[in-house]
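**Student:** pasting the sequence and the predicted coordinates here, then a few questions.
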Amino acid sequence: LPLFILNSVAFPGVPFPMQIFEPRYRLMLRRCLEGHRKFGLVSCEKNAEGELVPCTIGTCLQIRDVKVLEDGRSFVDTIGWRRFKISDYYDIDGYKIAKILWYEDKERSVDQREQDDKLADQIRLKIFELSEKNPTCSGLNELTDFLVSDEVPKDSNNFSFWLAAFLPINGWFKQNMLEFQTTEDRLNYLKGVLVMKPHD
């Protein structure tokens, strides 16, 4: 799987618009368009030697549309497809190719999924509550606008990915949420972030 390394995190089922301008990634994009129209997006972290390396867990993006500009840059409309775990990678023409394993959530019982739905409803109410208490916080206002739109998934699993993507928090928190393997873990983490995050 070709890798695009970026200091950002994408999530399954969530749109991820990109602008590609580096020659190595323009080449990667052309090859993807000629093939399966997918590539992996991974954030980066420092290893023991202090070097920046790809994170182990990333998201495979599916290319939906591409607009190429006269200067060679491309606006790429992608959406998160599936998470993956890197087992190995190597370089080719300036970018990396990874050997991967698909990284899925653990199975949940019907009762557990019902609890996930209740937790998602609690988080929705919490966001509205925080927005009412902090009317000048633009990030919360944008979230509440999205919550009442048709774009937001109704089921708790997809909602957890959506909220993780759109909540205005740093990449370290987002990477943690990408790596959780249950909806409950993601939602509880998000709930904790909402409680601890200062709203000004």
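**Tutor:** In hand now; what should we look at?
**Student:** how much space between Thr56 and Ile100?
**Tutor:** Per CB to CB, to the nearest Å, Thr56 is found 10 Å from Ile100. (Each C-beta comes from the backbone N, C-alpha and C, glycine too.)
**Student:** any residues in contact with both of these two?
**Tutor:** By CB atoms under 8 Å, 6 or more residues apart in numbering, Thr56 and Ile100 have these common neighbours: Lys85, Ile86.
**Student:** buried residues, stretch 123-132. List them.
**Tutor:** By neighbour count with 16 or more other CB atoms under 10 Å, stretch 123-132 contains the buried residues Ile123, Arg124, Ile127, Leu130, Ser131.
**Student:** and the furthest pair within those?
**Tutor:** Using CB to CB, the buried residues of stretch 123-132 span at most 12.7 Å, a distance reached by Ile123 and Ser131.
**Student:** mind checking what helix or strand follows the lengthiest strand in the chain in sequence?
**Tutor:** Determined from DSSP state E, the single longest strand within the chain is strand 74-92. Downstream of strand 74-92, the first helix or strand assigned by DSSP states H and E is strand 95-102.
**Student:** so what does that following strand touch, helix or strand wise?
**Tutor:** If you count contacts as 3 or more CB pairs under 8 Å, 6 or more residues apart in numbering; DSSP states H and E, strand 95-102 packs onto strand 2-5, helix 23-34, strand 74-92.
**Student:** name the residues that touch the first one?
**Tutor:** With CB under 8 Å, 6+ apart as the contact definition, strand 2-5 has outside contacts at 18, 20, 25, 28, 31-32, 39-44, 54, 58, 61, 86, 89, 95-98.
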